[in-house]
Every structure is written in structure tokens, then in C-alpha cells.
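Chemist: no sequence for this one, just the structure:
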């Protein structure tokens with residue numbers, strides 16, 4: 001049984017045989033089962049070669065400062081996986097990530 005975030009990350013990294021599968025086909029069923037195909041009324045996607053992290057930081061803090069609820073997902077992390085996921089500027093706890101991974105695994 002996977003209990004810690006490290007246990008889950010090891011498990012998840014071994015699930016898919018292709019290291020970089022950029023299609024969405026393999027997550028469509030899970031997204032449908034979790035009812036997350038339309039996660040928010042406003043979604044901002046930042047793409048490009050340089051400056052994505054800085055741009056996302058600025059957008060996130062501007063939105064939080066204006067009273068909006070903000071979820072931010074970035075990659076990669078520098079020290080801890082939790083750096084990748086923030087809600088209203090705060091890192092999400094190991095327990096919250098583990099709970100999400102358990103839900104996703106059940107739906108999978």
C-alpha cells in the first residue's frame with residue numbers, strides 16, 4: 001500500500017511504459033470519471049520557450065491579490081514535488097497530493 005508522497009511518486013512514475021506520452025487519450029477516462037473535464041470557468045495556459053515560470057508567478061499573485069481563488073501547477077520542481085502545486089500561493093501538503101493520487105488511482 002502506498003502511504004507517503006514518495007511511495008506514490010515512485011508508483012506513478014512506473015505506470016506508463018512511454019516516458020513522454022504527450023497525448024491526452026490515456027487520461028480521458030479518468031477525467032470523465034472524476035468529472036474534471038471543465039475544472040474552472042477561467043483557465044490560463046502559459047506556453048512558450050522562456051519566461052513561463054515568471055509569467056505564471058505574476059498572473060497568480062495578481063489574481064490572488066485581486067481576491068480570486070487560484071490554482072497553479074508548474075514543472076519541474078527544484079527541491080520538493082509540492083513546489084509544483086499551489087492554491088492561492090500556498091504549497092499543497094503531502095496529504096492533499098496523496099489523497100488526490102488515491103482518487104485518481106481509483107478512477108483509473
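Modeler: Here it is on my side, so go on. Just so it is clear, the structure is predicted and the values come from calculations on it, not from any experiment.
Chemist: out of everything not next to it in sequence, what's closest to the most centrally placed residue in the chain?
Modeler: For the chain, the residue sitting closest to the mean C-alpha position, by C-alpha atoms, centre = their mean, is residue 73 at 4.8 Å. Counting by C-beta to C-beta, 6 or more residues apart in numbering, the nearest residue to residue 73 once its immediate chain neighbours are dropped is residue 85, at 5.6 Å. (C-beta placed from N, C-alpha, C; glycine too.)
Chemist: next one: residue 74
Modeler: That would be residue 84: by C-beta to C-beta, 6+ apart, it lies 5.5 Å from residue 74.
Chemist: burial of the one you found, as a residue count?
Modeler: Neighbourhood size, residue 84 [other C-beta atoms under 10 Å]: 16.
Chemist: what's the answer for residue 85, then?
Modeler: When neighbours are counted by other C-beta under 10 Å, residue 85 registers 19.
Chemist: pLDDT value on it, please?
Modeler: Reported pLDDT at residue 85 in the predicted model: 95.
Chemist: Please name the residues that touch it.
Modeler: 71, 72, 73, 91, 92, 97 (C-beta atoms under 8 Å, 6 or more residues apart in numbering).
Chemist: The residues you listed in helices, which ones?
Modeler: Judged by DSSP state H, the contacts of residue 85 include residue 97 as members of helices.
Chemist: among the contacts of residue 85, which ones are buried?
Modeler: Buried subset of the contacts of residue 85 (neighbour count, 16 or more other C-beta atoms under 10 Å): 72, 91, 92, 97.
Chemist: Now pLDDT and distance to residue 27 too, for these, in TSV please.
Modeler: Formatted as TSV, the buried ones among the contacts of residue 85 follow (pLDDT from 0 to 100; distance: C-beta to C-beta, whole Å):
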residue	pLDDT	distance to residue 27
72	94	20
91	93	24
92	95	19
97	94	17
